[in-house]
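> Make a model of this:
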Amino acid sequence: MMSSTPILLVGGSGIVGRWAARFLRAAHPSVPLLIGGRDLVKAEQAAAEAGEAQGVALDLAADDLGLGERPVSAVAVLFTDERTAALRFAQARGVPHLSISPGINEMAPEVAAYIHRPQAAPVVLGTEWLVGATTVPTLEFAKAFGRVHDITIGALLDEQDAFGPAAEADLERQTKTMPAALARRNGRYVWRAGDEAKATFRAVDGTEMAAVAFSPYDVVGLANATGAPNVQFHLALGVSSTRRRGEPLSTEILIELTGEDPAGRPLRTRHAVVHPAGQMPLTGLGVAMVLERLLGLDGKPSTPAGLYFPYQLLDPTAYLARLAQIGGKVSTLP
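Here you go, the predicted model:
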């Protein structure tokens, strides 16, 4: 399917929005985009960079977001929409909605909006770590197991990585103002706070990093997808392995699985997902590919109404191929 109705990127003039627009434009040169934001000048600048795009000023206090009757084919929200205005707008128009900012204990407004209008449109709860860069590879690695007992994710953000204002606000809110992080332990969901939330993990180069418990949707998504009774996610902010050896910064995701192979023998694997340009290209890629799947831009039927996590929409083979294409690397670690 190739639509002449534009995709609306709310907050599209930010770093993630620019990456998402770049990847959408590269894969689908003629798909029109609306780059929406509070600052019309910035939105128009980002639209000019993307091509086949128009910048628009949005009003999240208005039912129509300030767009009047202008049609859109999908809505992606790239910052925290505390009013859920864009979701209600998308449901009213019957078009897909993706958001990537609300934390796991902020999901109620979006879930409630979906429950009240479940047939209106597909709604994607997109706050997985880097929108699929963690979940999709983890589920691929899990295929080697007959049973997964433990999933431990370590995400390393380089302290010099690019943070737009929205991303910085999200990280600040989710790591400091949310007092606890969700994990699964012996089949039970528990909240980790205080000393319980402190952790360490080894970076790609083996350096031990001080980390804190964090709970993007990966925790509940991977627990349900694999049945693993123990799932935890740790976040570290520091120096990435590449920068420690004198190269440019990178972002790292460390994925450790333990359990049994199909024959019942003990099995442990450890992998890394790394991108040399940091976190934002991976996030932008996930946004672009989820939008492609929602609208059927990948040549398959568009996604029906429903409530989804990104990994449920992303084809692993296609995702991993695009990841490699944009410079991401997946490696096996000892």
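> for the helix or strand bottoming out on mean pLDDT in the chain, packing partners?
Every helix and strand in the chain was compared by mean pLDDT, DSSP states H and E; the lowest is helix 165-172, with a mean of 80. Under the contact criterion of 3 or more CB pairs under 8 Å, 6 or more residues apart in numbering; DSSP states H and E, helix 165-172 touches helix 15-27. Where C-beta positions appear, they are placed from N, C-alpha and C, glycine not excepted.
> And the helix it packs on, what does it pack against?
Helix 15-27 sits against strand 7-10, strand 33-37, helix 40-50, helix 165-172, helix 279-295, with contacts defined as 3+ CB pairs under 8 Å, 6+ apart.
> which parts of the least confident helix or strand of the chain are buried?
166-167, 170-171 (16 or more other CB atoms under 10 Å).
> tilt between it and helix 15-27?
120 degrees (axes from the mean of the first three to the mean of the last three CA atoms, to 10 degrees).
> Okay, angle between helix 165-172 and helix 279-295 too, please.
Going by the same axes, to 10 degrees, helix 165-172 makes 100 degrees with helix 279-295.
> Check which element follows helix 165-172 along the chain.
strand 181-185 (DSSP states H and E).
> what's in contact with that following strand?
With contacts defined as CB atoms under 8 Å, 6 or more residues apart in numbering, strand 181-185 is touched by 104-105, 189-193, 197, 212-215, 219-220, 223, 228-233.
> Just the pLDDT for Ser3.
pLDDT recorded at Ser3 is 61.
> all helices of the stretch 151-300 of the chain, in order?
For the stretch 151-300 of the chain, the helices defined by DSSP state H, counting those that start in this stretch cover 165-172, 218-226, 241-244, 279-295.
> Among these, which comes closest to Ala142?
With CB to CB as the criterion, Ala142 lies closest to helix 218-226 of the helices of the stretch 151-300 of the chain, at 5.2 Å.
> so of the helices and strands packed on helix 15-27, which one's packed in deepest?
Highest mean neighbour count among the helices and strands packed on helix 15-27 (mean count of other CB atoms under 10 Å): strand 7-10, with a mean of 30.
> mind listing what it pairs with, with the direction of each?
Paired strands of strand 7-10, with direction, are strand 33-37 (parallel), strand 74-77 (parallel) (DSSP bridges).
> Turn these into TSV, columns for distance to Leu8.
Converted to TSV, these look like this (distance: least, CB to CB, whole Å):
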stretch	distance to Leu8
strand 33-37	5
strand 74-77	5
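> These into a markdown table, with extra columns for mean pLDDT and distance to Tyr319?
Formatted as a markdown table, the strands paired with strand 7-10 follow (pLDDT from 0 to 100; distance: least, CB to CB, whole Å):
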| stretch | mean pLDDT | distance to Tyr319 |
| --- | --- | --- |
| strand 33-37 | 97 | 21 |
| strand 74-77 | 98 | 17 |
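> sorry, back to before: do you know which of the helices of the stretch 151-300 of the chain lies nearest Asp205?
When those are ranked by proximity to Asp205, the top entry is helix 241-244, at 3.8 Å, counting by CB to CB.
> got a list of contacts for that closest one?
156, 158, 160, 203-205, 207, 248-250, 252, 274, 276.
> on that earlier part again, dump the buried residues of helix 165-172 into TSV; add distance to Ala183 as well.
Converted to TSV, the buried residues of helix 165-172 look like this (distance: CB to CB, whole Å):
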residue	distance to Ala183
Ala166	26
Ala167	23
Asp170	20
Leu171	19
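> Now the two most distant members of those.
Largest separation among the buried residues of helix 165-172 by CB to CB: Ala166 and Leu171, giving 9.9 Å.
> Poorly predicted segments of the stretch 101-250 of the chain, please.
For the stretch 101-250 of the chain, the stretches with pLDDT under 70 are 177.
> wait, which of the strands paired with strand 7-10 is closest to Ala50?
strand 33-37 (5.8 Å).
> any idea of the angle that closest one forms with helix 40-50?
Here strand 33-37 points in a direction 150 degrees away from that of helix 40-50 (the same axes, to 10 degrees).
> which residues sit in contact with the residue nearest to Arg25 when sequence neighbours are not counted?
Distances taken as CB to CB, 6 or more residues apart in numbering place Ala50 nearest to Arg25, at 5.5 Å, with adjacent residues excluded. Shown in contact with Ala50 (CB under 8 Å, 6+ apart): 18, 21-22, 24-25, 33, 35.
> Which segments of this structure make up each domain?
With domains defined by automatic domain parsing, the chain comprises 7-129+281-326, 135-278.
> Can you give me the distance of Lys143 to Ile35?
Taking CB to CB, to the nearest Å as the measure, Lys143 and Ile35 are separated by 38 Å.
> can you check Leu157 too?
Taken as CB to CB, the span from Leu157 to Ile35 is 26 Å.
> again with Ala57
10 Å.
> Quickly list what's touching both of those two.
Ala43.
> Let me see the ranges of the helices in the stretch 1-150 of the chain.
So, for the stretch 1-150 of the chain - with DSSP H, counting those that start in this stretch - the helices run 15-27, 40-50, 85-93, 108-116, 135-142.
> And those helices: which comes nearest Phe79?
Closest among the helices of the stretch 1-150 of the chain, using CB to CB: helix 15-27, at 8.8 Å.
> Flag every buried residue along the closest one.
Buried, per 16+ other CB under 10 Å, within helix 15-27: 15-25.
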